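Participant: got a sequence here, can you build the structure:
(2 chains)
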Amino acid sequence: MRSLLRTPSDRSLIRDSSLVWLASGVVGVSFGAVSVAGGLPVWVPVLMSVVVYAGSAQFSAVGVLLAGGGPVAAAATGLLLNTRTAAFSLAVAEIIGSGRAARFLGAHLVTDETVAFALAQPDPVRRRRAFWISGLGLFAVWNTGVLAGALAGGALGDTARYGLDAAFPAVLVALVLPQLRGDATVRRCALLGAVIALAATPAVPAGVPVLLALAGLFLHRRQPVEATV
Amino acid sequence: MNAAVVVILALAVGTYAFRLVGPVLHGRVEVPARAQELASAGAVVLLVALLATGALTDSGGFAGWARPAGVLAGGVLAWRRAPFAVVVLGAAATTALLRVAGLG
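Facilitator: Okay, here's the model as predicted:
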């Protein structure tokens, strides 16, 4: 990484990233506010955002904690959600670069949004710039948003009044919709999984219904191989 | 150690380990296509289950009508390819307005 803002193409990458930064900043504020309003001290969402840096896992871990699910269920739910970052990190390994510092710092910046943004670029140079610009900017905005939300959270009072509890499921809808649109097999698995999770919710501890949803993958059959290739 | 510290540490270490898989294995091991396929499908299945339970349930019971209505509004906006921020704020605003109108 030399200076940011080196070329006109960097400025266009920043312009496109800034929309994602804005949205993530809003979600970060809501994460901080929801956590503190739920009864956690300010340092919990703030520290978690710096060292975990994964929105959906943070929301679910805090959700399980606040629902009384206990630390093991909270960490397990978050980790299961984050297993996908392993697949993402494989997808962007080439883009991150091969230097030791780049690999160890870049790994922490692997998120759904940054991976999607980097992979959408046309050539390898632009992909690498996109990864770092989106990744570093998102990290800064996310953590600033969480801090602001956590500090304001107490003052906001009951966040249910602002409809913040509807924001996170809506974020997930926006993230998964393109994949559901494009893939009928995944759609079937996800539908079965959601039905299983909803049916299990009244009966099992918080965090477990989502894990049970993975049974939906039984509908994910290997593509039959044609007799003649 | 308090529960929140345990969660944060376990989640941070585990997540960073997942994220290192790519950069560390890069150029050394080939991941089977079937495993990659199941991993990415599994991520979507998890997220959909999370959004369904998050939209409809609260502490093991029904969450009331305002929240799922807001999420549905967000879903319609996302389906019509509205920007991410519009989807999120639209969902929250719908739920907030329904609550002002007296709907749980």
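
Participant: now do the SS call for A:Gly69.
Facilitator: Classification of A:Gly69 using DSSP: H, G, I helix; E, B strand; the rest coil returns coil.

Participant: number of residues surrounding it?
Facilitator: When counting by other CB atoms under 10 Å in any protein chain shown, one arrives at 19 neighbours for A:Gly69. Every C-beta, even on glycine, is put in place using the N, C-alpha and C of the backbone.

Participant: B:Ala3 now?
Facilitator: 14.

Participant: what's around residue 73, how many residues?
Facilitator: Reading this off chain A. A:Ala73 has 20 nearby residues by other CB under 10 Å.

Participant: switch to chain B, please.
Facilitator: 22.

Participant: isn't it right up against B:Ala91?
Facilitator: Yes. Look at B:Ala73 against B:Ala91 with CB atoms under 8 Å: they come within range, at 5.7 Å.

Participant: got any residues that touch both of these two?
Facilitator: A:Ala170 (CB atoms under 8 Å, 6 or more residues apart in numbering or on different chains).

Participant: break chain A down into its structural domains.
Facilitator: Following automatic domain parsing, one gets these domains for chain A: A:8-164, A:183-229.

Participant: mean pLDDT for these: which is lowest?
Facilitator: Across the domains of chain A, domain A:183-229 has the smallest mean pLDDT, namely a mean of 82.

Participant: that older thread, just the domains of chain A: most buried one?
Facilitator: Each of those was assessed for mean neighbour count using mean count of other CB atoms under 10 Å in any protein chain shown. The highest is domain A:8-164, with a mean of 20.

Participant: report the distance from that domain to the chain centre.
Facilitator: Taking the mean of its C-alpha atoms, domain A:8-164 sits 6 Å from the chain's own mean (CA atoms, centre = their mean, to the nearest Å).

Participant: okay, the domains of chain A in a markdown table with distance to chain B next?
Facilitator: Listed next are the domains of chain A as a markdown table, based on distance: least, CB to the nearest CB, whole Å:
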| stretch | distance to chain B |
| --- | --- |
| domain A:8-164 | 3 |
| domain A:183-229 | 3 |
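
Participant: possible to save those domains as TSV with distance to B:Gly104?
Facilitator: Formatted as TSV, those follow (distance: least, CB to CB, whole Å):
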stretch	distance to B:Gly104
domain A:8-164	10
domain A:183-229	18
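
Participant: all helices for the chain, in order.
Facilitator: Here I'm looking at chain A. Remark: helices assigned in chain A by DSSP state H are A:8-37, A:43-51, A:55-66, A:71-96, A:100-108, A:112-119, A:124-156, A:164-182, A:184-200, A:208-212.

Participant: please go with chain B instead
Facilitator: Using DSSP H, helices in chain B cover B:3-25, B:33-56, B:66-79, B:84-100.

Participant: any idea which of those helices scores lowest on pLDDT?
Facilitator: Across these, helix B:33-56 gives the lowest mean pLDDT, at a mean of 80.

Participant: residues in contact with stretch A:102-115?
Facilitator: Taking CB under 8 Å, 6+ apart as the rule, stretch A:102-115 contacts A:20, A:24, A:53-55, A:84-85, A:88-89, A:91-92, A:96-97, A:131-132, A:134-136, A:138-139, A:175, B:16, B:19-20, B:22-24.

Participant: CA atoms only for that stretch, dumped as PDB, please.
Facilitator: This file holds the C-alpha atoms of stretch A:102-115, laid out as PDB (Å, rounded to 0.1, in the frame of the first residue of the first chain):
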ATOM      1  CA  ALA A 102      -0.400  -8.000   3.700                       C
ATOM      2  CA  ARG A 103      -1.600 -11.500   4.300                       C
ATOM      3  CA  PHE A 104      -2.000 -11.100   8.100                       C
ATOM      4  CA  LEU A 105      -3.600  -7.700   7.900                       C
ATOM      5  CA  GLY A 106      -5.600  -8.500   4.800                       C
ATOM      6  CA  ALA A 107      -7.100 -11.600   6.300                       C
ATOM      7  CA  HIS A 108      -8.700  -9.600   9.100                       C
ATOM      8  CA  LEU A 109     -10.400  -7.300   6.400                       C
ATOM      9  CA  VAL A 110     -12.200 -10.200   4.700                       C
ATOM     10  CA  THR A 111     -15.900  -9.500   4.800                       C
ATOM     11  CA  ASP A 112     -18.900 -10.200   2.500                       C
ATOM     12  CA  GLU A 113     -19.000  -6.700   1.200                       C
ATOM     13  CA  THR A 114     -15.200  -6.200   0.600                       C
ATOM     14  CA  VAL A 115     -14.900  -9.600  -1.100                       C
END
